[in-house]
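In: Have a look; sequence and predicted model below, questions after that.
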Amino acid sequence: MAQSAMMMSTNLQHTGSRNMYYRLGLALLTTITLATFSWAHQGPDPLSHWYLQSKHIKDGQLESRLGPNGQLLMKPRYVADSGGDALIFEGRNAGCILAKDLKAAQPYLPKRELTISAWCSIDTRQSWGGILGFIQDNAEHEKGWVLGYDQETFYFALATTGVDDGDGKMTYFKATTKYELGKLYHVAAVFDGKTTELFVNGVKELSSEEQHGDIDYPESAVYSLGIYLDSNERYPHHGRIREVKVYDNAAQPEWVAQEFAHHRMLAQEDPNPQEPHFELLVAPYLQFATQTSMTVMWHTSATATSVVHYGETVDCSNSVELNPSRIHEVVLKDLSPNTQYFYQVESKTPGGKQYKSEPATFRTAVDSETPYAFAVISDTQGNPSVSGKIAQLAWEQRPSFVLHSGDLVSTGSDHNHWLEHFFPGMRPLINHVPFYPVLGNHEQNAEHYYNYVSLPAPEYFYTFTYGNCQFFMIDTNQKVGPGSEQYEWLKTSLAESNTKWKFVCHHHPPYSSDENDYGNLWKTNKGTHGDQRARQLVPLYEEYEVDIVWNGHIHSYERTWRIQKGKAVESNAPFYMITGGGGGGLETPAPTRPFFQNNVRRGHHYVMVHINGGTLELKSYSLTDRLFDQLQIKK
């Protein structure tokens with residue numbers, strides 16, 4: 001372009017008339033040039049523009065310069081910098097909602113080309129950090145986009161129609177700069193319909209043609225700032241976000257460099273990491289009781305040193321100290337059998353932030369001669385309003401512990417289902433008595449399950465003894481047939497057991513009257529009436545005289561007759577009980593009664609089991625605490 005202008009100047013400078021035409025041509029050429037490259041300098045107005053500073057936030061609302069206003073999810077706090085201040089995102093509830101659905105967000109979402117420009121800092125590393133996004137990334141469902149970061153670098157994730165495999169396909173494009181905690185960075189993502197570019201502090205660090213076409217948006221998502229958010233993941237940002245712009249054009253590298261240079265002094269500031277917001281994520285709860293020990297666990301948002309105070313009075317004169325951690329676990333040892341204790345936990349960060357619980361109580365396990373009672377609950381899932389009421393009703397009966405037959409949460413891989421559904425919904429029960437769970441299918445064998453339980457190895461199957469009973473806990477999501485690890489372990493353990501009562505607990509029921517889980521019995525009379533994998537264990541229960549088999553999975557209540565060799569009998573055979581009414585959506589029995597069915601009921605519920613020597617009394621209660629079934633067994 002410059003050579004063309006020079007040649008034109010040489011040819012036209014000899015005559016005045018031509019000079020005039022030359023000036024007109026040069027002016028036109030300059031206009032065309034500026035129009036072509038204006039994106040490299042001033043650029044068009046963005047679709048959205050937010051200054052995340054104190055003067056732009058009022059009463060919890062982020063006021064936009066352009067685009068939608070945002071609703072803060074946390075109480076605002078600001079960190080000063082050379083240009084004024086910036087909003088700090090901190091705590092489990094951090095984030096800002098810009099639009100709650102696609103309809104509200106659509107006017108502000110780029111359709112094909114886009115540029116996202118953000119000034120931000122990171123104070124806590126995480127695998128799925130979010131700065132700005134409208135995204136669904138669940139298993140095979142991958143749509144939308146998000147500008148974020150992982151444990152080391154910034155990334156931009158994008159799904160487009162050009163690579164859609166039917167339910168979306170997303171690529172995570174990663175920068176190369178390893179960010180420093182507490183330091184402000186300018187990050188920009190650019191997509192022109194065929195090429196994706198990622199810039200850090202004005203420098204292009206990635207260019208890829210892996211995605212192409214229009215942006216492939218999910219039908220359901222939330223437009224959010226300062227959080228990685230989709231239907232089953234919620235990862236709040238910890239750090240500052242100072243300014244964000246979104247364009248429906250693809251910026252030139254020169255514009256990105258200029259955008260960074262305009263506030264270069266921010267990137268030159270010393271790092272100013274903010275200590276993580278210190279809060280209690282999971283309140284103290286109890287695990288695995290014996291006659292002489294009790295396990296106490298809780299979870300804080302930041303690493304902290306901790307101590308458990310305990311004793312036989314509320315003064316809690318004894319104490320045990322723990323090493324720094326976030327998930328805290330301590331075994332209180334050398335306790336007296338069948339004795340009430342008080343306990344109180346205390347956690348403190350290096351920066352001096354502190355949490356101290358209110359005193360709570362527990363009782364150590366009884367000996368084989370002492371009566372006791374336990375509660376049975378299952379399938380609490382994502383319904384803390386129901387599971388919380390059930391936990392309260394069960395606690396009022398003062399059980400010694402809780403047996404949970406699986407599906408503690410709706411999605412085991414979603415940390416927030418544990419933090420927001422299961423643990424809040426099980427209080428005040430589990431801070432006074434331990435719970436003994438098995439894995440349901442909804443736990444997904446996720447790491448969160450193993451982080452939050454303290455059970456004998458390998459934890460997905462185990463046994464424990466309480467009073468004159470032994471419990472055998474099985475994972476029926478895995479192999480349980482003859483020759484499998486669990487089958488052979490269970491066979492040996494049952495043969496060696498010498499307790500008066502034997503109970504087995506696993507999630508999937510060998511016998512069930514459900515209408516459609518094991519064949520749609522409204523359309524055919526062919527069905528298995530129970531889980532075939534779990535039914536492989538039935539011969540062991542019959543051979544080794546198991547008394548009751550506890551199950552969940554079906555969201556209803558069912559108690560069978562005693563069953564022996566595929567027939568209902570009157571004695572010397574196990575009962576099978578489904579107690580799946582802990583909170584999940586309710587299910588309905590089939591239209592006709594199978595041979596094994598004794599009592600079946602659609603409704604949320606819990607069960608209390610009372611044992612005194614050779615007498616067992618079982619009572620089942622509705623959500624209104626009405627007794628609807630009972631059973632007595634004598635040995």
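Out: Thanks, I have it.

In: quick one: the helices in this structure?
Out: Ranges of helices in the chain, per DSSP state H, are 2-12, 16-37, 102-105, 253-262, 264-267, 384-396, 415-417, 423-425, 447-452, 485-496, 532-535, 538-543.

In: among the ones you listed, which gets the worst mean confidence?
Out: Mean pLDDT values for the helices of the chain show the minimum at helix 2-12, a mean of 32.

In: Span of stretch 448-460 from start to end?
Out: Stretch 448-460 has an end-to-end distance of 13 Å (C-alpha to C-alpha, to the nearest Å).

In: quick check, distance from that stretch to the centre of its chain.
Out: In terms of C-alpha atoms, centre = their mean, to the nearest Å, the centre of stretch 448-460 is set 17 Å apart from its chain centre.

In: So which bits of it are buried?
Out: Neighbour counts using 16 or more other C-beta atoms under 10 Å place His448, Tyr449, Asn451, Tyr452, Val453, Ser454, Leu455, Tyr460 of stretch 448-460 among the buried residues. Where C-beta positions appear, they are placed from N, C-alpha and C, glycine not excepted.

In: One more: stretch 46-59?
Out: Pro46, Leu47, Ser48, His49, Trp50, Tyr51, Leu52, Gln53, His56, Ile57.

In: measure the fifth one to Ala104 for me?
Out: Noted for Trp50: a distance of 16 Å to Ala104, by C-beta to C-beta, to the nearest Å.

In: Identify the residues contacting the nearest residue to Trp418 once chain neighbours are set aside.
Out: Leaving aside its sequence neighbours, Trp418 sits nearest to His448 (C-beta to C-beta, 6 or more residues apart in numbering; 5.3 Å). Shown in contact with His448 (C-beta atoms under 8 Å, 6 or more residues apart in numbering): Gly412, Ser413, His415, Trp418.

In: burial count for Lys500?
Out: The tally of other residues near Lys500 (other C-beta atoms under 10 Å) stands at 16.

In: Contacts only, for it.
Out: Counted by C-beta under 8 Å, 6+ apart, Lys500 has contacts Ser368, Asn468, Cys469, Gly613, Gly614, Lys635.

In: what do you get for Gly70?
Out: Per C-beta under 8 Å, 6+ apart, neighbours of Gly70: Trp50, Gln61, Leu62, Ser64, Cys96, Ile97, Leu98, Leu225.

In: again, 7 Å this time
Out: Trp50, Gln61, Leu62, Cys96, Ile97, Leu98, Leu225 (C-beta atoms under 7 Å, 6 or more residues apart in numbering).

In: re earlier: what is the nearest of the contacts of Lys500 to Ala391?
Out: Cys469 (22.2 Å; C-beta to C-beta).

In: Hmm, the closest one is touching Asn498, no?
Out: No - in this structure, Cys469 is not within contact of Asn498 by C-beta atoms under 7 Å, at 11.6 Å.

In: Show me how this protein divides into domains.
Out: 2-40, 48-267, 278-365, 366-634 (automatic domain parsing).

In: Among those domains, show the one with the smallest mean pLDDT.
Out: Among the domains of the chain, domain 2-40 carries the lowest mean pLDDT (a mean of 36).

In: Just the terminal-to-terminal distance for stretch 310-320.
Out: 8 Å.

In: Can you give me the buried ones in it?
Out: Buried residues in stretch 310-320, counted by 16+ other C-beta under 10 Å: Tyr310, Cys316.

In: Can you tell me what sits against it?
Out: Val307, Val308, His309, Val330, Leu332, Thr339, Tyr341, Phe342, Tyr343, Gln344, Pro359.

In: Tally up the residues packed near the fourth one, please.
Out: Spelled out, that is Val330. 20.

In: Also the second one?
Out: When counting by other C-beta under 10 Å, one arrives at 23 neighbours for Val308.

In: how close does it sit to Val331?
Out: Separation of Val308 from Val331 (C-beta to C-beta): 10 Å.

In: again with the first one
Out: The spacing between Val307 and Val331, counted by C-beta to C-beta, is 14 Å.

In: Same question for the third one.
Out: From His309 over to Val331 the distance is 15 Å, taken as C-beta to C-beta.

In: Compare these two (neighbour count), which wins?
Out: Neighbour totals were compared for His309 and Val331, and His309 leads with 18 against 14 (other C-beta under 10 Å).

In: Looks like the more buried one contacts Gln344 (just checking).
Out: Yes - between His309 and Gln344 there is a contact under C-beta under 7 Å: 4.7 Å.

In: So in the protein, which strand runs the longest?
Out: strand 294-311 (DSSP state E).

In: For beta bridges, what are the partners of Val376?
Out: Leu403, Val607 (DSSP bridges).

In: Look at it and say how many residues are nearby.
Out: Per other C-beta under 10 Å, the neighbour tally for Val376 reads 25.

In: Equivalent analysis for the one 10 residues further on, please.
Out: Residues contacting Val386 under the criterion other C-beta under 10 Å number 19.

In: Would you check how far apart the residue nearest to it when sequence neighbours are not counted and His610 are?
Out: Sequence neighbours aside, Gly583 is the residue nearest to Val386 in space, at 4.2 Å (criterion: C-beta to C-beta, 6+ apart). For Gly583, the distance to His610 (C-beta to C-beta) stands at 24 Å.

In: Ok, Gly552 next?
Out: Taking C-beta to C-beta, one finds Gly552 at 21 Å from His610.

In: Leu408 now?
Out: Leu408 is 25 Å from His610, by C-beta to C-beta.

In: neighbour count winner among the two?
Out: Per other C-beta under 10 Å, whichever of Leu408 and His610 has more neighbours is Leu408, with 34 against 16.

In: ok, that one - contacts?
Out: Contacts of Leu408 by C-beta under 7 Å, 6+ apart are Thr380, Phe422, Pro437, Gly440, Glu443.

In: can you give me the strands in the stretch 151-300 of the chain?
Out: Under the criterion DSSP state E, counting those that start in this stretch, strands of the stretch 151-300 of the chain are mapped to 154-159, 170-174, 185-191, 196-200, 203-208, 223-225, 227-230, 233-236, 239-247, 280-287, 294-311.

In: Looking at those, which is nearest to Gly388?
Out: Gly388 sits nearest to strand 280-287 of all those, at 13.2 Å, using C-beta to C-beta.

In: Determine the set of other helices and strands touching that closest one.
Out: Counting contacts by 3 or more C-beta pairs under 7 Å, 6 or more residues apart in numbering; DSSP states H and E, strand 280-287 packs against strand 294-311, helix 423-425.

In: and the longest one, how far from the chain's centre?
Out: In this case it means strand 294-311. That offset, for strand 294-311, works out to 22 Å (C-alpha atoms, centre = their mean).

In: Could you do the shortest one as well?
Out: The gap between where helix 423-425 is centred and where its chain is centred comes out at 14 Å by C-alpha atoms, centre = their mean.

In: ok, now stretch 247-263?
Out: In this view, stretch 247-263 has its centroid 36 Å away from the chain centroid, taken as C-alpha atoms, centre = their mean.

In: repeat for stretch 253-269
Out: The answer for stretch 253-269 is 36 Å, by C-alpha atoms, centre = their mean.

In: Which residues belonging to it are considered buried?
Out: Across stretch 253-269, burial judged by 16+ other C-beta under 10 Å covers Pro253, Trp255, Val256, Ala257, Gln258, Glu259, Phe260, His263, Leu266, Ala267.

In: Same check on stretch 387-406?
Out: Buried residues in stretch 387-406 (16+ other C-beta under 10 Å): 387-391, 393-395, 399-406.

In: ok, now stretch 516-533?
Out: When burial is assessed from 16+ other C-beta under 10 Å, stretch 516-533 yields the following buried residues: Asp517, Tyr518, Gly519, Leu521, Gly527, His529, Gly530, Asp531, Arg533.
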